[in-house]
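Participant: My questions are about this predicted structure, shown below with the sequence.
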Amino acid sequence: MPLAAQGEKDTKSDTWLPSLMTETPQEGFELAITLARKGVTSTQSNKEVLFREREEYSQDADSLIHASEVIAAYFQTVAAANDYWK
């Protein structure tokens, strides 16, 4: 739930993603991975469940392919924000 919807103020300490701008495509790809991981931990905030389920999906080819698709979608967003590093 967005901070505003929770009745909390958005402060600098709450900001973990100040920009999508990166120096290189590799940094952009690393940012895409971070975005995907943040999405998972934001969706499943119960660490016990998160770590328990990780063992299962880390052995499932379909889950791994889907994770790659999510990262690719985020990478497209980061690349566009960086004008494809032209």
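Facilitator: Structure received. Numbers count the residues shown, from 1 in each chain.
Participant: Can you tell me the SS state at the residue nearest the centre of the chain?
Facilitator: Within the chain, one residue has its C-alpha closest to the average C-alpha position: by C-alpha atoms, centre = their mean, that is L35, at 1.5 Å. When the structure is reduced to helix, strand and coil (DSSP: H, G, I helix; E, B strand; the rest coil), L35 reads as helix.
Participant: If you drop the residues flanking it in sequence, what lies closest to it?
Facilitator: Closest residue in space to L35, ignoring its immediate chain neighbours: Y74 at 4.4 Å, by C-beta to C-beta, 6 or more residues apart in numbering. Where C-beta positions appear, they are placed from N, C-alpha and C, glycine not excepted.
Participant: that older thread, contacts only, for the residue nearest to the centre of the chain.
Facilitator: Residues touching L35, when contacts are defined by C-beta atoms under 8 Å, 6 or more residues apart in numbering, comprise 17, 74, 78.
Participant: so the second one is in which element?
Facilitator: Read it as Y74. Element membership for Y74 (DSSP states H and E) is helix 61-81.
Participant: What residues sit buried inside that helix?
Facilitator: Residues 67, 70-71, 74-75, 78-79 are the ones in helix 61-81 that count as buried (16 or more other C-beta atoms under 10 Å).
Participant: Could you pull out the buried residues of the one helix or strand Q26 maps to?
Facilitator: Using DSSP H and E, Q26 maps to helix 25-43. By 16+ other C-beta under 10 Å, the buried positions in helix 25-43 come out as 28-29, 31-32, 35-36.
Participant: Now the element after it, going C-ward?
Facilitator: Toward the C-terminus, helix 25-43 is succeeded by helix 47-57 as the next helix or strand (DSSP H and E).
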